[in-house]
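**Student:** Take a look and give me a structure for this.
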Amino acid sequence: MTDKKFLKYRDELDKSYGAAGMALGLSVLEANNLFTAISLDGDGPECIQFTPEFFFAGNPRLSPRGAWQYIVGHYRISVGLAVANALCRCMVLDNNKVDDKLRDRLFNAACEDGRDYCQLERDEVEPIFDEVFESMSRLFADSRVRRAMDTFADALQQRRTLTHIDVSDILQQLNII
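**Tutor:** Have a look, this model is predicted:
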């Protein structure tokens, strides 16, 4: 979902909130072990520096079903990152409600990526997207999380790069993981 228009940033503040949303999204998706750092020097999802395990290319010891589940699981993480990025910027930074237009754009992008990366049909993407979207919507609607994202985005702007340990420490200090 790297080339999607809704992932284009207006400025560095917008980018810091998108990256903060993705950092929290990784934690919520139980994928915080798949990144090494978050940096404002990357673009879109490239703000996150992933571990080699994230870029799984195949394992002959995994059954075809196991490999498929792994790929779909990483697709789910990618969808979650895009949704967390967009919702944190919309709901926290801009203090707006998510409208149907943004939801539809995110869903269409998820469908396109699902088709390209996993050969998933729209009806197969829908439950994955709905679960992630609803989870992230509830998360970023929480006033405590919103305040924490303000603090996290500020820390990221000041330091430019946060290691995995820095992110974990900040999220723990903010009491949101």
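**Student:** Pull out the buried residues from the longest helix along the chain.
**Tutor:** When the chain is parsed with DSSP state H, its longest helix is helix 64-87. Within helix 64-87, the residues scored as buried using 16 or more other C-beta atoms under 10 Å are 67, 72, 74-87. Glycine gets a C-beta too; all of them are placed from N, C-alpha and C.
**Student:** can you count the residues close to Phe54?
**Tutor:** For Phe54, the neighbour count with other C-beta atoms under 10 Å is 16.
**Student:** Per-residue pLDDT of the residue lying closest to it once chain neighbours are set aside, please?
**Tutor:** Of all residues not flanking Phe54 in the chain, Leu34 sits nearest, at 4.5 Å (C-beta to C-beta, 6 or more residues apart in numbering). pLDDT for Leu34: 91.
**Student:** Show me where this structure has its helices.
**Tutor:** 12-28, 64-87, 100-118, 122-141, 143-159, 164-173.
**Student:** low-scoring pLDDT stretches of this structure, where are they?
**Tutor:** By pLDDT under 70, the weakly predicted segments of the chain are 1-7, 44, 56-59, 177.
**Student:** counting residues per strand, which one in this protein is longest?
**Tutor:** If you go by DSSP state E, the chain has its longest strand at strand 35-39.
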